[in-house]
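*Asks:* with the sequence up front, the predicted model follows.
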Amino acid sequence: MIRVLILCTHNSARSQMAEALTRDAARRAGLDLEVHSAGTEATRVKDDAKTVMAELGLSLDGHTSKTLHDVPDSQNFDYVVTVCDSAAEACPVYPGQTVRRHYPFVDPSGGSLERWREVRNQLRAQMEAFVQALREGRPVPDSYADSPAVTAR
């Protein structure tokens, strides 16, 4: 099983959406991934995140905002993905075998639902490319711009 951690600042929006999108992409690809998300601080999962994910048939009900201390075996991940700059800067050091990737996305908080959908769709393209690379045994994209799903748009 491949373990993936997605980090953001508050674990309230981007990382929560990325966690659900990654799980869904892995399920559809038949890939055995254990996916967690966390924040440098815990708050609450935002209602707009729940709304735009429900539009895709993915529920964030039951998801809670958590910090790295709340994640099981928090120092043992194959991949750590940061989805905002502040989380990338605050991300702890991981052992040499952990692959880190930084895919920064704009914080949709305070924006319209259309803005939330844009960020959700960008996250979906990125995490689909991430899962596809794992499925095919290729290195995961180094950046958002390097993802085939993103550059094909």
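*Replies:* Great, that's in hand. Numbering: from 1, shown residues only.
*Asks:* in this protein, which helix is the longest?
*Replies:* Longest among the helix segments of the chain by residue count, using DSSP state H, is helix 113-136.
*Asks:* need the three-state assignment for the spatially most central residue of the chain.
*Replies:* Nearest to the geometric centre of the chain sits Ala18, at 3.1 Å (C-alpha atoms, centre = their mean). When classified by DSSP: H, G, I helix; E, B strand; the rest coil, Ala18 comes out as helix.
*Asks:* where along the chain do the helices fall?
*Replies:* 14-29, 47-54, 85-90, 113-136, 148-151.
*Asks:* I'd like those as TSV, with distance to His36 appended.
*Replies:* For glycine as for every other residue, the C-beta is placed from the backbone atoms N, C-alpha and C. TSV is the format used below for the helices of the chain (distance: least, C-beta to C-beta, whole Å):
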stretch	distance to His36
helix 14-29	7
helix 47-54	16
helix 85-90	14
helix 113-136	14
helix 148-151	23
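*Asks:* nearest to His102, of the ones you listed?
*Replies:* Closest approach to His102 among the helices of the chain (C-beta to C-beta): helix 85-90, 4.7 Å.
*Asks:* partner residues bridging Leu7?
*Replies:* In this entry, Leu7 is beta-bridged to Ala38, Thr82, by DSSP bridges.
*Asks:* how much space is there between it and Pro92?
*Replies:* 9 Å (C-beta to C-beta, to the nearest Å).
*Asks:* just Cys8 next, same as before
*Replies:* Distance from Cys8 to Pro92, by C-beta to C-beta: 14 Å.
*Asks:* okay, those two: which has more neighbours?
*Replies:* Set Cys8 next to Pro92 and count neighbours by other C-beta atoms under 10 Å: Cys8 wins out with 28 against 10.
*Asks:* if I look at that one, what pLDDT would I see?
*Replies:* Reported pLDDT at Cys8 in the predicted model: 92.
*Asks:* hang on, the earlier thing: nearest to Thr64, of the helices of the chain?
*Replies:* Judging the helices of the chain by C-beta to C-beta, what sits closest to Thr64 is helix 14-29, at 9.2 Å.
*Asks:* ok, how many other residues are close to Ile2?
*Replies:* 14.
*Asks:* what's the answer for Asp78, then?
*Replies:* So Asp78, with other C-beta under 10 Å, has 16 neighbours.
*Asks:* go ahead and confirm it touches Pro95.
*Replies:* No. Contact criterion C-beta atoms under 8 Å: Asp78 and Pro95 do not qualify, at 10.4 Å.
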